[in-house]
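[1] Coordinates for the following, if possible.
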Amino acid sequence: MKRFKKHLRTLFAASSLVATTALAAPVDLTLNAAQPGPVINKNIYGQFAEHLGHGIYEGIWVGEKSKIPNTRGFRKDVVAALKDLQVPLIRWPGGCFADEYHWRDGIGPRNKRPVKVNTNWGGVEETNAFGTHEFFELAEMLDAEVYVNGNLGTGTPQEMAEWLEYMTSDTKSTLAELRRKNGRDKPWRVHYFAIGNEAWGCGGNMRPEYYTDLYKHYATFLKAPKDNTPKFIASGGHSEDTEWAEHLTGNVEPTWSLKMDAVSFHYYTLPKGDWEVKGAAIDFPEAEWISTFAQTLRMDEFIRNNKAVMDKNDPEKRVGFYVDEWGTWYDPQPGTNPGFLRQQNTLRDALVAAVNFNIFHAHADRVHMTNIAQMVNVLQAMILTDKEKMVLTPTYHAFHMFIPFQDATSIPVDFKSPTYTLGDQSVPAISASAARGKDGKVYLALVNINPRSAADISVALQGVNPSSASGRLLTADTMDAHNTFANPEAIKPVAYRATINKGKVEVNLPAKSVVVLALD
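    From the prediction side, this is the model:
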């Protein structure tokens, strides 16, 4: 049986190689740098770190006594990789975990912190060794902004208000002095604070009307110094639903004592669109490749529908639309705790990420933050660890390639994509976006979803006259190419150079690939 499976994989790889030599589809694209759009907020590239599986413990935090090289308990290899990724923002402590998290459990001497049970994720013990102080220390090590998710589900307005005071107060109040006693003199900067998570589900199974009243109740008592007041985020809807955005933006009127800066939104890409049988992370058929992209491309529709509602209720665009959970979700990796949500990460995931980046860029007027789920060892992770070993995933490389888009100014692109069809499913084969980076260069991101055919893309330029077009390309021979601890660099970006001919950039975009070019 093993020999038979190996033979099938060999045939799969061979057929994939042959497919890349198929006739390239011609695509004419116009990039107009003379008509800049909104700024692409750096926090569109935000990360999510929940107390889930080995996302925190063993993935980021190992403790000072661990034999794994660490700095004050933080894994040196993981921190170094995340610093190189220029992570702009981290969301913590959840997720579903947030609505059962009581912040006082995670402060003070670690050997005196209570041990709880993580009822959402695997029923394992939660030692609370990683708490508020540890989270902010990690953020400071990475020079990242912070997004703290408050406990609405099992908490109280008093508990939430006191946590915010503990973090932000520069007075001599009892809570501020407790923070100092626990080792932090100056208050931390809290950039974002959410009132609950998935109130429609694990956060309380609420109706939007009921949650809206609760939001106003809790938000009234969340007070912080004027120069350290976070942006407040309301728990919004998911997937096709627009009711939460409609109700929140239509019923929360901002006053001096009530703020709502954003509404959150969650959407996960399931290859089969079925929560019971989601699909495999590796060894999947091409039918699940195309269905994955058909599912992930719905993100554009969902954002458009919610923006239409918000534009009606909030034409000044005061309220942001934050996709604070997104990414691929597959059946659990065999042999792992199903509640740990560990999955392998392949070329398909990298392209899913790149396609979503391009979608978020197109909606930068409202989408000011997104947080991929999750940063380490969970779902569509940047990094996988196993004891002392660490590996970077294809998704990590996609994020790294798109770093120039952080705080860049979007540039409109106009093109008609060829269609990639398999059986009764069809999707646009090409995804693209462009922006002028903070360094003044124009950047162009292109994705070819088609795993069988390359694309010849001719880019007509307006408002920019580059002498070179170079960057990095990410692709592989097989659709499920991935890095392992035994072969950690099986897939990684390579240098790529396009040609400039008669004022146009000519790009031969291989099958199943993503390229980011700097036009200089």
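
[2] Can you pull the poorly scored residue ranges out of this protein?
    Counting by pLDDT under 70, the chain contains low-confidence ranges at 1-22.

[3] Next up, the contacts around Ile372.
    Contact criterion C-beta atoms under 8 Å, 6 or more residues apart in numbering gives Gly46, Gln47, Phe48, Trp326, Gly327, Ala353, Gln380, Met382, Thr395, Phe399 as the residues in contact with Ile372. (Glycine included, C-beta is placed from N, CA and C.)

[4] one more time with 10 Å, if that's ok
    With C-beta atoms under 10 Å, 6 or more residues apart in numbering as the criterion, the residues that contact Ile372 are 45-48, 91, 323-328, 349, 353, 356, 379-382, 395, 399.

[5] One more: Val352?
    Residues touching Val352, when contacts are defined by C-beta under 10 Å, 6+ apart, comprise 269, 292-293, 295-297, 299, 326-328, 346, 380, 394-395, 398, 447, 449.

[6] What about those, which are in strands?
    Assignment to strands by DSSP state E places the following of these there: Thr269, Trp326, Gly327, Thr328, Val447.

[7] if we take these, which one ends up nearest to Pro225?
    Within these, distances to Pro225 taken as C-beta to C-beta reach their minimum at Trp326, with 32.2 Å.

[8] Quick check, that closest one in contact with His266.
    Yes - the pair Trp326 / His266 is scored as a contact, 7.1 Å apart, by C-beta atoms under 10 Å.

[9] joint contacts of these two?
    Taking C-beta under 10 Å, 6+ apart as the contact criterion, the residues that touch both Trp326 and His266 are Asn371, Ala373.

[10] so which strand or helix has Leu461?
    With the criterion set as DSSP states H and E, the secondary-structure element containing Leu461 is strand 453-462.

[11] buried set for that strand?
    For strand 453-462, the buried set under the neighbour-count rule, 16 or more other C-beta atoms under 10 Å, comprises Ser453, Ala454, Ala455, Ile457, Ser458, Val459, Leu461.

[12] Helix, strand, or coil at the most centrally placed residue in the chain?
    Centroid-nearest residue in the chain, with C-alpha atoms, centre = their mean: Ile372, separated by 1.8 Å. Three-state call for Ile372 (DSSP: H, G, I helix; E, B strand; the rest coil): strand.

[13] Show me the beta-bridge partners of it.
    According to DSSP bridges, the partner residues bridging Ile372 are Gln47, Trp326.

[14] Could you number the chain from 36 rather than 1 from now on?
    Let's use 36 as the start, then, which means that last one is Ile407.

[15] Give me the phi and psi angles of Ala254.
    Backbone dihedrals for Ala254, given as degrees, to the nearest 10, come out at phi -60, psi -30.

[16] Which positions within the helix or strand just after the strand holding Leu496 qualify as buried?
    Toward the C-terminus, strand 488-497 is succeeded by strand 504-509 as the next helix or strand (DSSP H and E). In terms of neighbour count (16+ other C-beta under 10 Å), strand 504-509 has its buried residues at Ala504, Gly506, Arg507, Leu508, Leu509.

[17] can I get those residues in JSON lines with distance to Asn372?
    Written out in JSON lines, the entries for those read as follows (distance: C-beta to C-beta, whole Å):
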{"residue": "Ala504", "distance to Asn372": "47"}
{"residue": "Gly506", "distance to Asn372": "40"}
{"residue": "Arg507", "distance to Asn372": "36"}
{"residue": "Leu508", "distance to Asn372": "36"}
{"residue": "Leu509", "distance to Asn372": "31"}
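
[18] how about the CA coordinates for the strand holding Leu496, as PDB?
    The C-alpha trace of strand 488-497 is given here as PDB (Å, rounded to 0.1, in the frame of the first residue of the first chain):
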ATOM      1  CA  SER A 488      -1.500  26.900 -16.700                       C
ATOM      2  CA  ALA A 489       0.900  29.900 -16.500                       C
ATOM      3  CA  ALA A 490      -0.300  33.400 -17.300                       C
ATOM      4  CA  ASP A 491       1.400  36.100 -19.400                       C
ATOM      5  CA  ILE A 492       0.500  39.400 -17.800                       C
ATOM      6  CA  SER A 493       1.200  42.600 -19.700                       C
ATOM      7  CA  VAL A 494       1.100  45.600 -17.300                       C
ATOM      8  CA  ALA A 495       0.400  49.000 -18.800                       C
ATOM      9  CA  LEU A 496       1.700  51.700 -16.500                       C
ATOM     10  CA  GLN A 497       0.300  55.200 -15.700                       C
END
